[in-house]
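Undergrad: just coords:
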């Protein structure tokens, strides 16, 4: 996604929410976060893939603007040494929405959407299901992109020795493979489920 298209998607989300977009400092700050040097997967590439995924699936969204803003913030804070990245990102999202004058209930829903990307359990809310499926669409990517994703994750955890990283990674991927179904949005399930199961089995080995 070109910078102009990314900015247009940002402004469209605020416009659809019915709230004036904050000044460009917030957008610049978010994009700078996704460009941090310690990131290899959780970058603007991932954000763009998510925004493009929402554009394809937006007819299935109840509140697409809230999903879009949640996607913008869902990896805003990303430090592999922390365990509260999603909570910090969700708090930032809520504060940003409230600061821009968005309704408190919308700000709280966006907070909840970001928290759903902890992937501790499959969500019950339809918009949260769609957001999580978009975030996990990489698991059902074509073989070459999935392999790139796996390499990118390993770069982010380069400090973890193989004997620790590999069993933990197999455990994480195995938990996704055990979900029946993996994707709860029917259209994404039809497009990605079979490929995701193939990719995950290959990665678990």
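TA: Received it, and whenever you're ready, just let me know what you need. This one's a predicted model, so the numbers in the text were calculated from it and none came from an experiment. Numbers count the residues shown, from 1 in each chain.

Undergrad: contacts, neighbours, all on C-alpha from now
TA: Noted.

Undergrad: what about the chain, any weak spots by pLDDT?
TA: Applying pLDDT under 70 to the chain flags no residue at all.

Undergrad: so where do the helices sit in it?
TA: For the chain, the helices defined by DSSP state H cover 3-17, 24-34, 44-57, 64-73, 85-99, 104-116, 126-135, 143-156, 162-177, 186-204.

Undergrad: per-domain residue ranges of this protein.
TA: 1-135, 140-205 (automatic domain parsing).

Undergrad: Can you tell me which of the helices of the chain is most buried?
TA: Mean neighbour count (mean count of other C-alpha atoms under 10 Å) peaks for helix 64-73 among these, with a mean of 25.

Undergrad: relative to helix 104-116, how tilted is it?
TA: Angle of helix 64-73 versus helix 104-116, following axes from the mean of the first three to the mean of the last three C-alpha atoms, to 10 degrees, is 50 degrees.

Undergrad: Tell me who's in contact with residue 14.
TA: By C-alpha atoms under 8 Å, 6 or more residues apart in numbering, the contact set of residue 14 is 20-21, 65, 69.

Undergrad: okay, the residues you listed in CSV with distance to residue 149 next?
TA: Listed next are the contacts of residue 14 as CSV, based on distance: C-alpha to C-alpha, whole Å:
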residue, distance to residue 149
20, 35
21, 32
65, 27
69, 23
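
Undergrad: ok, those residues vs residue 32, which is closest?
TA: residue 69 (16.3 Å; C-alpha to C-alpha).

Undergrad: Residue 48 contacts residue 5, doesn't it?
TA: No - using C-alpha atoms under 8 Å, residue 48 is not in contact with residue 5, being 9.6 Å away.

Undergrad: Apart from its neighbours in sequence, what residue is nearest residue 11?
TA: Distances taken as C-alpha to C-alpha, 6 or more residues apart in numbering place residue 21 nearest to residue 11, at 6.2 Å, with adjacent residues excluded.

Undergrad: How far away from the center of its chain is stretch 160-177?
TA: Using C-alpha atoms, centre = their mean, to the nearest Å, the mean C-alpha position of stretch 160-177 is found 20 Å from that of the whole chain.

Undergrad: Tell me which residues are up against that stretch.
TA: Contacting residues not belonging to stretch 160-177 are listed as 157, 182, 197, 200-201, 203-204 [C-alpha under 8 Å, 6+ apart].

Undergrad: Ok, stretch 97-104 next?
TA: With C-alpha under 8 Å, 6+ apart as the test, stretch 97-104 has contacts from 17-22, 107.

Undergrad: Pick the one among these closest to residue 88.
TA: The closest of the contacts of stretch 97-104 to residue 88 turns out to be residue 107 (C-alpha to C-alpha; 14.3 Å).
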